[in-house]
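1. Sequence and predicted structure, then a few things I'm wondering about:
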Amino acid sequence: MNSSNKNLWISYLRGEFDTDGSIYLKKHGKGGKSKQPAIQFASQSSVHLLQIKELLNRLGFNCWIEKDMKVRLSGWSTTQRFLNIVKPNNNKHWQRIRELMSRIICSDSQVVRRRSSN
């Protein structure tokens, strides 16, 4: 992969994520009690979603297209890698990331407190 193409792809994904992307906590694991961050891109065009998926795959991301017309990727290391490579410019995403992290930290500390009180 040539570096000018890679930089162009990253810039394109940054614009897409800044406008049509989101980050949220996804339940997973036994009983859905565990949570991990997930990133998604939404579009009404299946061709557009395939293009986003292809770019993410070329950058080494494992992602998939859901039936609800969204490209998704998830997991702690994947999310961190995505944020480090794509470097979103939209402040709403960074505020959302801080909010999600504080919810996780608060949730984990409550679990620890409950376990220690038993």
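-> That came in fine, so what should we check first?
2. When you work out contacts or count neighbours from here on, use the C-alpha atoms and nothing else.
-> Fine.
3. low-scoring stretches of this structure, by residue?
-> For the chain, applying pLDDT under 70 flags the ranges 1-2, 29, 32-33, 104-118.
4. is it true that Ser43 touches Asp68?
-> No: using C-alpha atoms under 8 Å, Ser43 is not in contact with Asp68, being 9.3 Å away.
5. Compare these two and say which one has the larger neighbour count.
-> A count of neighbours by other C-alpha atoms under 10 Å puts Ser43 above the other of Ser43 and Asp68, at 16 against 9.
6. What distance do you get for that one to Ile52?
-> 10 Å (C-alpha to C-alpha, to the nearest Å).
7. again with Leu8
-> Where Ile52 is concerned, Leu8 sits at a distance of 13 Å (C-alpha to C-alpha).
8. More neighbours: which of those two?
-> More neighbours surround Ile52 than the other of Leu8 and Ile52, with 23 against 11 (other C-alpha under 10 Å).
9. who are the neighbours in contact with that one?
-> Residues near Ile52 by C-alpha atoms under 8 Å, 6 or more residues apart in numbering: Leu13, Val71.
10. Same question for it, what's its three-state structure.
-> helix (DSSP: H, G, I helix; E, B strand; the rest coil).
11. what about it, distance to Ser34?
-> Ile52 is 28 Å from Ser34, by C-alpha to C-alpha.
12. Then Leu100?
-> 13 Å.
13. Following the chain onward from the host helix or strand of Thr19, which element is next?
-> According to DSSP states H and E, Thr19 maps onto helix 3-20. Toward the C-terminus, helix 3-20 is succeeded by strand 21-28 as the next helix or strand (DSSP H and E).
14. Can you list the buried residues in that following strand?
-> Of all the residues in strand 21-28, those buried under the rule 16 or more other C-alpha atoms under 10 Å are Gly21, Ser22, Ile23, Tyr24, Leu25.
15. OK, contacts around the fourth one?
-> Meaning Tyr24. So Tyr24 contacts Pro37, Ala38, Ile39, Arg96, Leu100 (C-alpha under 8 Å, 6+ apart).
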